[in-house]
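S.K.: Model the structure of this input:
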Amino acid sequence: MTPQSSFNLTVTINGKTWSGTVPVAETLLEFLRKRLGYTGTKRSCESEVCGACTVLVDDRPVSACNYLAFETHGKSVLSIEGVAHGEELDPLQEAFVRNIGAQCGYCTPGQIMAAKGLLMENPHPTREQIAEWLAGNICRCGAYGAIAQSILEASRSTKG
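M.R.: Now for the predicted structure:
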C-alpha cells in the first residue's frame with residue numbers, strides 16, 4: 001500500500017471556506033503563507049518554541065509551523081489577517097497600538113493570536129494568567145509589560 005501524498009481539504013479560513021488539494025506534508029504555516037498569501041503569520045523557530053506562527057484552530061492557539069494543513073479539515077482557522085473587522089481594528093489590536101505592545105513587530109501577530117485565544121477562553125484574565133498563557137510566545141524586544149497591559153485593557157472592553 002502506498003502512502004497518500006495529497007489530501008482533499010475543506011477548511012474555513014478567516015470566515016471564508018477554502019477547498020482544494022494539499023500535500024499531506026504541507027504545514028499550516030506553508031499553506032497560509034504560500035498558498036493563500038497570508039504572510040502575517042511568521043516563520044521563525046519551526047519547533048513550537050517561539051510562538052511567532054501562532055494561529056487559532058477552532059479557537060485554540062496552535063503553532064502553524066508544526067501543525068499539518070490537512071489537520072484543519074472541517075475546522076475553522078483564524079490568522080492575524082482575520083482579526084480586524086474590515087477597517088476596524090479588534091480591541092486587542094487597538095490596545096497593542098495604544099500601549100506600544102509591538103516594537104520590531106515580528107512576534108506581534110503570534111502574540112495577538114495567542115492573546116485572542118486567551119480572551120476567548122477567559123475574557124477577564126489576571127496578569128499572572130496572561131503570563132502563563134503567553135509563556136510560549138517570545139518577544140526578543142522585551143515588550144512583555146506592554147503586551148500584558150494591552151491584553152488587560154482589551155479584556156476590560158470585552159463583555160462577559
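S.K.: from here on, contacts and neighbour counts on C-alpha atoms
M.R.: Will do.
S.K.: Give me the distance between Ser79 and Val11.
M.R.: With the distance defined as Cα to Cα, to the nearest Å, Ser79 ends up 13 Å from Val11.
S.K.: Please disregard the earlier target; I meant Gly37.
M.R.: Per Cα to Cα, Gly37 is found 16 Å from Val11.
S.K.: higher neighbour count, these two?
M.R.: Val11 (20 against 11; other Cα atoms under 10 Å).
S.K.: which element is that one on?
M.R.: Using DSSP states H and E, the element containing Val11 is strand 6-13.
S.K.: Could you do Val55 as well?
M.R.: Val55 belongs to strand 54-57, assigned by DSSP H and E.
S.K.: State the mean pLDDT of that strand.
M.R.: For strand 54-57, the mean per-residue pLDDT is 98.
S.K.: same for it, what does it pack against?
M.R.: strand 60-63, strand 76-78, helix 108-121 (3 or more Cα pairs under 8 Å, 6 or more residues apart in numbering; DSSP states H and E).
S.K.: Count residues in the vicinity of Ser79, would you?
M.R.: Neighbourhood size, Ser79 [other Cα under 10 Å]: 23.
S.K.: so it touches Val55, yeah?
M.R.: Yes: between Ser79 and Val55 there is a contact under Cα atoms under 8 Å: 5.1 Å.
S.K.: Residues that sit against both of the two, list them.
M.R.: Here Ser79 and Val55 have Thr41, Met113 as joint contacts, going by Cα atoms under 8 Å, 6 or more residues apart in numbering.
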